[in-house]
Structure formats: C-alpha cells, structure tokens
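S.K.: Sequence first, then the predicted structure:
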Amino acid sequence: MSETALKLLEQIRALPAEDQDLIAEELADESDDYDPLEDPEFRAELDRRIEAVGNGTAVLLTWEEAQERIDAELARRRAARGES
C-alpha cells in the first residue's frame, strides 16, 4: 500500500464510525459500476480458460489442492510481512 493510502486510511480510522460507514458505502457504490465481462482483457482470459476446460488442456485442481495452495500462499505472504 502506498504512503498516501496508508495516511488516508489512518485519517479514516480516526473518524467517527458513522463517517467511516458513509465512506465505505460511497466506495462500494463506485465499485458497483464495474462489470468485468465488459473488460476485453478479462473476457479474453475467461474465454481462453473456458476453451481450455472444453478441449481438455486445462489443469484442474480439487478443492483440497486449491485450499492447500491458498493456505501456503497466505503463509508465505504473512511470513514476508513478519506476521505469525
């Protein structure tokens, strides 16, 4: 996170809860306008992955394998930040 974002976050946290809630609602409203299916790059990647599953070239994981990878990546990131 950038220095500017960190300072802004600190200022927001110092606000009353009601103001924090209003800011969160405004930010959420703004993000509602984004439709990833209208993004040509996202759509192309999605189409590529659908085709790979359809033609049998996709490497698929079980939920357990995916969970293990997610857990390992989170542990790696936490260790890099010095968290336990």
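M.R.: Perfect, I can see it now.

S.K.: For the rest of this, base every contact and every neighbour count on C-alpha atoms.
M.R.: Fine.

S.K.: how close does Pro36 get to Asp47?
M.R.: Per CA to CA, to the nearest Å, Pro36 is found 13 Å from Asp47.

S.K.: next one: Glu18
M.R.: On the measure of CA to CA, Glu18 and Asp47 end up 43 Å apart.

S.K.: Do you know the pLDDT at Leu37?
M.R.: pLDDT recorded at Leu37 is 86.

S.K.: How about the backbone phi and psi for the residue nearest to it when sequence neighbours are not counted?
M.R.: Distances taken as CA to CA, 6 or more residues apart in numbering place Arg43 nearest to Leu37, at 5.5 Å, with adjacent residues excluded. Torsion angles at Arg43 (phi, psi; degrees, to the nearest 10) stand at phi -60, psi -40.

S.K.: Could you check the pLDDT of Arg43?
M.R.: So, for Arg43, pLDDT stands at 94.

S.K.: Could I get the contacting residues of Ala52?
M.R.: Ala58 (CA atoms under 8 Å, 6 or more residues apart in numbering).

S.K.: quick one: the residue nearest to Leu37 from Val59, how far?
M.R.: Shown here: Arg43 relative to Val59, a distance of 20 Å by CA to CA.

S.K.: Same drill for those two, tell me which one is more crowded.
M.R.: Using other CA atoms under 10 Å as the criterion, Arg43 and Val59 rank with Arg43 on top: 13 against 7.
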